[in-house]
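> Structure, please.
(2 chains)
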2 protein chains.
Amino acid sequence: MNTMIETILNHRSIRKYEDRPLTKEQIEVIVKSAQAAATSSYVQAYTIIGITDQEKKKQLAHLVGNQPYVEKNGHLLVFCADLYRHQVVAEMENVDITDSLERTENFMIAVIDAALAAQNAALAAESMGLGICYIGGLRNQLVEVSKLLNIPKHVIPLFAMTIGYPLHESSKKPRLPFAHVYHENGYQTNKELLKEQLHDYNQTIQQYYKERTNNERQDTWTSQMAVKFTTPTRLYMKEYVQKQGFDKK
Amino acid sequence: MNTMIETILNHRSIRKYEDRPLTKEQIEVIVKSAQAAATSSYVQAYTIIGITDQEKKKQLAHLVGNQPYVEKNGHLLVFCADLYRHQVVAEMENVDITDSLERTENFMIAVIDAALAAQNAALAAESMGLGICYIGGLRNQLVEVSKLLNIPKHVIPLFAMTIGYPLHESSKKPRLPFAHVYHENGYQTNKELLKEQLHDYNQTIQQYYKERTNNERQDTWTSQMAVKFTTPTRLYMKEYVQKQGFDKK
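Below you'll find the predicted structure:
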């Protein structure tokens, strides 16, 4: 196993950081790594906003659901799906691309492009001994986040990423069984087999929580998922996405 | 610069491979690397389908727009956004999660989860000396792809990835200027500045194509984007996505 795969397999979320900002050089390496990711038809449909203003970090920490590590870290990045620059391109080239911009296909392209770039950024940071955490909570209040970050139409902030020097060790959460996630030559829809695999996985997860909490936490993956999905969240998302000019047709 | 960042920055798409299949061990490392990526609230909302059946590869190569390297490679992966297993979870836990599954928020979660996993897979492969190419053309004909791969409701094939031993060197395509993609403390909406940056970038791109083609290809980034976005493609996408049970509200 090479060191790159070791770094990949060793990923865990870090939620407490030294009070030590990243250098400009580190940020540049991380962003350039993000940019090196594959991009659909060369569109590069994302923008990364780095937050250094301490007051904005504080407000973001509040907006994402009071997560102190969004305020206290080495650096904070916000990854946005972005077709605004393509609107600028349309002005330069004197063409009308409104129909294209509003298509679900291009919404998917921008989201995928941004995510591929983000994962490169995460791994570049981790390879430098830094820890990271994705902040999906950014989507809790995107209207307010958009105001705070001057987000124009045709841009959607998707998630944030905290980066910094780790102040704690965290444990690696076991993933779904290989055979459950990797199918051969077609999707394996047999529910009985899937349920068996999930029962096995639940036992792994139960053991994992027991060991971490001195037998106190009793939890399985399927029960966590049932709780999460029983109450839909971020109900405003479709309206917000369409107001931003995406995913309309 | 460490070897991981070197590998990340060195990415380029490879479209011609030796006739030499990946070993089971290689595939396992690549898929486990994918699984190690961060996942929103632990949902792990993706499935990876590996295609070994040569006839299916041939059909897929045709469906994505006659790309021979989709047939001839070391391995072919199809990355799917997947909430089917969460439907299975709902049966196990006896809860109703239909409302949640249909939300735009969970569509975005599944797409992001799948993309983060895919980029880990790409880098794991590249770190082993293999080349990869993302195949967005998979979305050209998702209805037919879904039939071929037995895709159930609540699953969307997002893109494929060819992997294999490279049979050619390809060049690294220059990315947008750093300052164009990385903004500080808020989105930089000033169109005049963006246009200036794009003019500079166009010159870089022109030079890049000239050097590669003995001065034959005259092209800029903005002209490519204008062509791409002037004619919307994959017009059926919204209908398909919603038929699969995603992004409905």
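
> Which pLDDT does the model give A:Gln218?
On pLDDT, A:Gln218 comes in at 89.

> What values do phi and psi take at it?
Per-residue torsions, A:Gln218: phi -110, psi 110 (degrees, to the nearest 10).

> how distant is the strand or helix carrying A:Ala124 from the center of its chain?
Here A:Ala124 is covered by helix A:104-127, with elements defined by DSSP states H and E. Computed by C-alpha atoms, centre = their mean, to the nearest Å, the chain-centroid distance of helix A:104-127 equals 8 Å.

> how about that helix: buried residues?
Of the residues in helix A:104-127, those buried by neighbour count under the rule 16 or more other C-beta atoms under 10 Å in any protein chain shown are A:104-127. C-beta: built from backbone N, CA, C; applies to glycine.

> what's stretch A:21-29 in contact with?
A:30, A:50, A:52, A:74-75, A:124-125, A:128, A:130, A:163-164, B:1, B:5, B:178, B:182 (C-beta atoms under 8 Å, 6 or more residues apart in numbering or on different chains).

> List of residues touching stretch A:213-229?
A:176, A:198, A:201-202, A:205-206, A:209-210, B:41-43, B:86, B:89-90, B:92-93, B:95, B:97, B:100-101, B:106.

> just the buried members of the residues you listed?
A:176, A:198, A:201-202, A:205-206, A:209, B:43, B:86, B:89-90, B:92-93, B:95, B:97, B:100-101, B:106.

> pLDDT (mean, whole number) over the helix holding A:Ala124?
On average, helix A:104-127 scores 98.

> tell me which residues in the helix or strand that it is followed by are buried?
Following helix A:104-127 in sequence order, the next helix or strand is strand A:131-135 (DSSP H and E). For strand A:131-135, the neighbour count (16+ other C-beta under 10 Å) marks A:131-135 as buried.

> Against which helices or strands is strand A:131-135 packed?
helix A:104-127, strand A:155-164 (3 or more C-beta pairs under 8 Å, 6 or more residues apart in numbering or on different chains; DSSP states H and E).

> moving C-terminal of the last one, what's the next helix or strand?
Just to be clear, that refers to strand A:155-164. Next along from strand A:155-164, by DSSP H and E: helix A:178-181.

> next one: the helix or strand harbouring A:Val89 to chain centre, how far?
Per DSSP H and E, A:Val89 falls inside helix A:84-93. Helix A:84-93 sits 27 Å away from the centroid of its parent chain (C-alpha atoms, centre = their mean).

> Just give me the neighbour total for A:Gly245.
19 (other C-beta atoms under 10 Å in any protein chain shown).

> Helix or strand next in line after the one helix or strand A:Ala34 maps to, which one?
For A:Ala34, the host element (DSSP H and E) is helix A:24-35. Using DSSP H and E, the helix or strand that directly follows helix A:24-35 along the chain is strand A:46-51.

> if we can go back for a sec, at contact distance from chain B, anything in the helix holding A:Ala124?
Yes. Helix A:104-127 lies within reach of chain B by C-beta under 8 Å from any C-beta of the partner chain, at A:104-106, A:108-109, A:111-112, A:115-116, A:118-120, A:122-124, A:127.
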